[in-house]
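Undergrad: Give me the fold of what follows.
(2 chains)
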Amino acid sequence: MTNRRQFIKCGLSFTALSLTGLSSLNMAVATPEGHSFELESFVSDLRYEESVATAASLKAQGVPIAEISGDLTDLWIKQYSRQWKQKPMSLAGVTGKDALFVLETLAPDYGMRLIYRAEIPQNETSSTQEGVELISWIIVPRQIAEELS
Amino acid sequence: MAVLPPNVSQQQFDAAIERLKSVVGDEWVFTSDADIHAYRDHFSYIKDQPNELIPCAAVGPDSVEQVQAIVRIANEFKIPLYSISTGKNFAYGGPSPNVRGSLTVDLKRMDRVLEVDDKRNFALVEPGVSYIDLYNYIQERGLKVWVDTPDPGWGSPIGNALDHGIGYTLGPYRDHFSAHCGMEVVLPDGEILRTGMGAMPTSDSWQEYKHGFGPDPAGLFGQGNFGIVTKMGFRLMPQPEHWRNGLVTVPRRQDFIAMVDTVNYLTDLGMIGEPWYSGGLQALMNNTEFAEAANDFNEEEMDRQALAAGLPSWRVELQFYGSEGTTLANWEYAKELMARNIPGVQFTDGESLPVPLTDEQIQKSSTPYESAMRRNITQGRPGLGIWYMTGRTDFNPNAWNETHIGLFSLVGRGGEAVFQAQRDFADISRRLDMPGFFPNSLAVPVNWYQNSFLMGNGFGAAKGNSPQQKKDATRLLRRLLEENAKLGYGDYRAPPILQDDVADQYSFNNNILRRFNEKLKNAIDPNGIISPGRAGIWPEAYADLRGALRED
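TA: Below is the predicted model:
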């Protein structure tokens, strides 16, 4: 069973994953209360090579990938706004801070919370967007967030 | 972080929370810091400061009856309420109340689309319905009506309309409060009021005739604190068969006057949607000589350099809705009028597409729109792209500097009035040494409201995110509001920390408008529990808080 410390470590691994292309992260995470959740969606921001690389490795593990290019309009209208109304989701992403801002703001309206965020230093070859930091993050249902807090 | 309502003890507060839980259920009363986080204004200039406008708790009712019960409990314990729908409203205070320690009434669970009629062209919705929800509802059912959406479209039609928000299609629909038709309100004593034909229980015209009989109090609930709106009707634009746009450019600075006159004529005849004005000479601002001329309002020199560079002084993009034939005829007529009024005017045909546009047409990144952002909103499609745009360096040098406030002043809807405002705003900005915002002779108005121009003059004045920098910026914005008002420029909307300041400027006859509203407020809401301080309207119970935020 994964405890809170391990969970956070998982988040840190996740950050490392985005930088190095590691593909061994187990995205099924157990909480201290014995509940487990699986990553139901990963948001890949096509503006960043790091995000695309992470998405490729997670896709190979069966994680559904949602692609954006900064603008969340299509993803939100066609997918997330409908899914989140049905039930809160566990999702993660490596995106620009602008995209995370939108999801982080919407999440509480649907019983979800951001539980992890870390800025990722961008490498020189990255398709950087000047002024928009690259962030790795995890959003989970409120109940899971409370168990982890 | 936990705060109590003003003049309420911990014991009383705990008792009130228990009563609220008995009404909505334990899970819909939010008191933890993590929950309250969602009700903070993350763009606030006083975020993390001792006077930050955070609520004591939040409660999420699911029905009108629960809202009534909450209002009655608030009266009993004298706890101020602050109601929100989807609670976004960034740049104007987000979900934060006017009084620290208010109880947020979060209406998101009331998210039912009650009716959409695409023959009579209206919708009736609850506060928790967002523009995106309403859009999805319409699309899923194949209904032939549009939602005139603000940008971003994650807010609610009720919340946006009540804060006098705007959209981007045809004039009658862009002014969201004016486009409302009928509302249901829980009054401060817990009674339910319906406006317009809703006052007649047997009427079938609630969403078609807003005036009813006798005085219509609906205006009191826009930017007001006289009740909690629980239902609202909106007139919807029928989905047109065709959309077309076109670009008009004029060579000389003074041509702007005839351009605006012509656009006003077309607008008020109902022939065009939102006109989008832009300056044609921004590219020359990198040229020191031109920048000097532009900052000095040297029109002769600006015209000379525009001609030399082959650039137009002004542009306006026009939207046409109708059939392919009528949109073409209207575009041809617009060209004919412009050519008659403005020597040297030029035209660029835009796109001409059957409605609804395909995803590919929306995403197309060629001129006239280089992103989906404008395409979405001209088609009544809510978007979230503005956050992507806002975060970009080109638009905001302090990208993701999370402290911004929207200040837009009303300016006369004419070319001369805009020129005067340009000079006034530039002069004020220079005198106040406004950072990060330099109004000059290239500034253009927005025509969001069909019958008025707004010009931005204070969006994001903070040099950084430190408390002192934010404090300095707030002082500066207060001075800006004062200086603007001396010259007749009033703001249409403001965040709580500036609402007293804006209200001060509407000072005709010793602020009779505010005094009148406060007389009503005290009569209707004797405990002052509904959003005290909103729009500068302070009930007697909280009168000592008027201007309190200025003391820093």
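Undergrad: alpha carbons only for contacts and neighbour counts from here, please
TA: Fine.
Undergrad: tell me the secondary structure for B:K231?
TA: Under DSSP: H, G, I helix; E, B strand; the rest coil, the three-state class of B:K231 is strand.
Undergrad: these two touch, right, it and B:M183?
TA: Yes: here B:K231 reaches B:M183: they are 5.5 Å apart, a contact under C-alpha atoms under 8 Å.
Undergrad: Between these two, which is the more surrounded one?
TA: Between B:K231 and B:M183, B:M183 has the larger neighbour count (other C-alpha atoms under 10 Å in any protein chain shown), namely 27 against 22.
Undergrad: residues in contact with that one?
TA: For B:M183, the contact set (C-alpha atoms under 8 Å, 6 or more residues apart in numbering or on different chains) comprises B:R194, B:T195, B:G196, B:G198, B:A218, B:V229, B:T230, B:K231, B:M232, B:G233.
Undergrad: Just the buried ones from these, in ChimeraX syntax?
TA: The buried residues among the contacts of B:M183 can be selected in ChimeraX (16 or more other C-alpha atoms under 10 Å in any protein chain shown) with this line:
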select /B:194,195,196,198,218,229,230,231,232,233
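Undergrad: Which two of the contacts of B:M183 have the greatest separation?
TA: B:G196 and B:T230 (14.9 Å; C-alpha to C-alpha).
Undergrad: now the helices for chain A?
TA: A:4-20, A:49-60, A:73-75, A:81-86, A:97-106, A:142-148 (DSSP state H).
Undergrad: show me what contacts the closest residue to B:A541 other than its chain neighbours?
TA: In space, and not counting its chain neighbours, B:A541 is closest to B:G528: 5.8 Å by C-alpha to C-alpha, 6 or more residues apart in numbering or on different chains. Applying C-alpha under 8 Å, 6+ apart, we find B:G528 in contact with B:P80, B:K521, B:N522, B:W538, B:P539, B:E540, B:A541, B:Y542.
Undergrad: Just the CA atoms of stretch B:46-59, as CSV, please.
TA: Below are the C-alpha coordinates for stretch B:46-59, written out as CSV (Å, rounded to 0.1, in the frame of the first residue of the first chain):
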residue,chain,number,x,y,z
ILE,B,46,-4.9,41.9,-1.2
LYS,B,47,-4.4,38.1,-1.5
ASP,B,48,-2.7,36.7,1.6
GLN,B,49,-3.1,40.0,3.4
PRO,B,50,-4.9,40.4,6.7
ASN,B,51,-7.7,42.2,5.0
GLU,B,52,-8.2,39.7,2.2
LEU,B,53,-11.8,39.2,1.3
ILE,B,54,-12.3,35.6,2.2
PRO,B,55,-15.5,33.9,3.3
CYS,B,56,-16.0,32.3,6.7
ALA,B,57,-17.5,29.2,5.0
ALA,B,58,-19.5,28.3,1.9
VAL,B,59,-22.8,26.5,1.6
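Undergrad: Helices of the stretch 401-550 of chain B, residue ranges please.
TA: Along the stretch 401-550 of chain B, the stretches classed as helices by DSSP state H, counting those that start in this stretch are B:415-432, B:467-486, B:496-505, B:508-524.
Undergrad: Stretch A:46-59: which residues count as buried?
TA: Counting neighbours by 16+ other C-alpha under 10 Å, stretch A:46-59 gives A:L46, A:R47, A:Y48, A:E49, A:E50, A:S51, A:V52, A:A53, A:T54, A:A55, A:S57, A:L58 as buried.
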